[in-house]
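In: prediction below, plus the sequence it came from.
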Amino acid sequence: MISGQTIKGSIEELGAITKVDLCVMDLNGEVIATTTDRDLLDISIIISFANSPVDSQVIGDVHLFKILDEGEPLYVLLAKGDSEHAYMVGKIGVSQLQNLIVAYKERYDRNNFFQNLLLDNMLLIDVYNRARKLKIETSVPRVIILVEIKHSQDNTAQELLSGMFAPHSGDYVTAVDENSVILIKTLSKGQSYEEVAQIATTIVDMMNTEAMLSVRVSYGTIVEEIKDLSKSYKEAKMALEVGKIFYAEKRVNAYNTLGIGRLIYQLPESLCKIFIDEIFGGKEVPDDLDEETLNTIAKFFENNLNVSETSRQLFVHRNTLVYRIEKLEKSSGLDVRKFDDALTFKIALMVINYMKYLDNKNN
């Protein structure tokens, strides 16, 4: 339903331009919005007009009009002033408000449509029938961009996204839970994942600079048909979760770049435990290592197992770095200077992070 504040803004602007007093009332004579402090007509007259078969009437210098919603009266508009001028302004006001009602209903219907579509609550035939009725193109490239917000009570993120991506360009903003906002982004032919990544990064930067919000953003794969949007949404959700577990330092995560993290995410917990026991046996697991050692190994991996470059970036002597690596080898049985052992250790770290995530989720 269109808000009273929206109606008020509309008639105040029209009244200021035309110098005509305007008032919108419901069918029971309650004032919704007005540009004057005076009572233009007695409430009984308003109620009588609302229940009459006519759509407009004039009493003295006040013109009464019905504002219709799909042929049924919803509000009554009063326009007071010079006869012809007030009549014309009243008709304009009715047209303006009826268009607003249609626009708000369409927005609500589209929002409801996309929510049910993303949650797989619609039959395939209904998807295309409703999309056609709502004038939504069904065969254009789209991608789901998911924005996770920390404060569920804050609507700022959705408002900012709605301001950035307007429906007239084919983009829609909605939400299916309290912790995230969904952008259904329509793409032009030829737009690639590189452009989608730029859009996602822009959203992170904009949320931070405009509203001081720290958000995480993820996106699924680009789909060509509207029926496949739920698939892109599920992928974006997985990318968000996998990103939090394995790539915590990244603010943007794409489903098509999750790599080995996506594989580990889909492993059962029992298989993860077997893997850790098989690799480390009774030896020290990475979870028990001190932070200095873990940071050293992380930097070593970043530099593609290059001892000299890693020691330079850590501002330590090469021999100090070698000592730390050998210390890790003694405790874990893995020499991360060798590719196979480095790969095993890297995967083990990711599996342990995943097991921690599962423990926290279950508690």
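Out: Happy to help now that I have it.
In: hey, let's count contacts and neighbours off CA atoms from now on
Out: Will do.
In: which residues sit in contact with Leu314?
Out: Thr296, Lys299 (CA atoms under 8 Å, 6 or more residues apart in numbering).
In: ok, now with 10 Å
Out: Asn295, Thr296, Lys299, Phe300, Leu321 (CA atoms under 10 Å, 6 or more residues apart in numbering).
In: from Tyr323, how far off is the closest residue to the third one other than its chain neighbours?
Out: Counting by CA to CA, 6 or more residues apart in numbering, Lys299 lies nearest to Thr310, which is 6.3 Å off, once chain neighbours are set aside. Plainly put, Thr310 is 13 Å away from Tyr323 if you go by CA to CA, to the nearest Å.
In: over to Cys272?
Out: Taken as CA to CA, the span from Cys272 to Tyr323 is 30 Å.
In: of those two, who's got more company?
Out: Cys272 (17 against 12; other CA atoms under 10 Å).
In: correct me, but that one touches Met355?
Out: Yes. Counting by CA atoms under 10 Å, Met355 is a contact partner of Cys272 at 7.4 Å.
In: can you pull the residues that touch both of those two?
Out: Taking CA under 10 Å, 6+ apart as the contact rule, Cys272 and Met355 both touch Ile264.
In: next structured bit after the helix or strand hosting Val242?
Out: If you go by DSSP states H and E, Val242 is part of helix 229-246. Using DSSP H and E, the helix or strand that follows helix 229-246 in sequence is strand 252-254.
In: pLDDT averaged over that following strand - what is it?
Out: Throughout strand 252-254, pLDDT has a mean value of 95.
In: that strand - which strands sit beside it in the sheet, and in what orientation?
Out: Strand 252-254 pairs in its sheet with strand 216-219 (parallel), by DSSP bridges.
In: now the helices: where do they sit in this structure?
Out: With DSSP state H as the criterion, the chain has helices at 4-18, 43-50, 83-118, 124-133, 156-164, 193-211, 229-246, 260-265, 269-280, 291-302, 307-314, 318-332, 339-362.
In: Leu27: which of these is closest?
Out: helix 43-50 (5.7 Å; CA to CA).
In: show me what the closest one packs onto, helices and strands only.
Out: Applying 3 or more CA pairs under 10 Å, 6 or more residues apart in numbering; DSSP states H and E, we find helix 43-50 packed against strand 21-25, strand 56-59, strand 62-69, strand 72-80.
In: buried deepest among those strands, which one?
Out: Mean neighbours per residue, mean count of other CA atoms under 10 Å, is largest over the helices and strands packed on helix 43-50 for strand 21-25, with a mean of 26.
In: could you check the angle that one makes with strand 62-69?
Out: 40 degrees (axes from the mean of the first three to the mean of the last three CA atoms, to 10 degrees).
In: how far off centre is strand 21-25?
Out: Between the centre of strand 21-25 and the centre of its chain there are 37 Å (CA atoms, centre = their mean, to the nearest Å).
In: just stretch 184-204 next, same as before
Out: On the basis of CA atoms, centre = their mean, stretch 184-204 sits 14 Å off its chain's mean C-alpha point.
In: cool, and stretch 10-26?
Out: Using CA atoms, centre = their mean, the offset of stretch 10-26 from its chain centre is 36 Å.
In: state the pLDDT value of Cys333.
Out: Not Cys; residue 333 is Gly. 86.
In: what about it, how many residues nearby?
Out: By other CA under 10 Å, 17 other residues sit near Gly333.
In: any idea how far Met355 is from it?
Out: 21 Å.
In: what separation do you get for the spatially closest residue to Arg142 that is not a sequence neighbour and Val196?
Out: Spatial nearest neighbour of Arg142, chain neighbours left out: Thr186 (4.5 Å); criterion: CA to CA, 6+ apart. Per CA to CA, Thr186 is found 10 Å from Val196.
In: what do these two both touch?
Out: Common neighbours of Thr186 and Val196 (CA under 10 Å, 6+ apart) are Val143, Ile144, Ile222.
In: make JSON lines from the residues you listed and add distance to Gly190 to it.
Out: As requested, the shared contacts of Thr186 and Val196 are exported to JSON lines (distance: CA to CA, whole Å):
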{"residue": "Val143", "distance to Gly190": "13"}
{"residue": "Ile144", "distance to Gly190": "17"}
{"residue": "Ile222", "distance to Gly190": "11"}
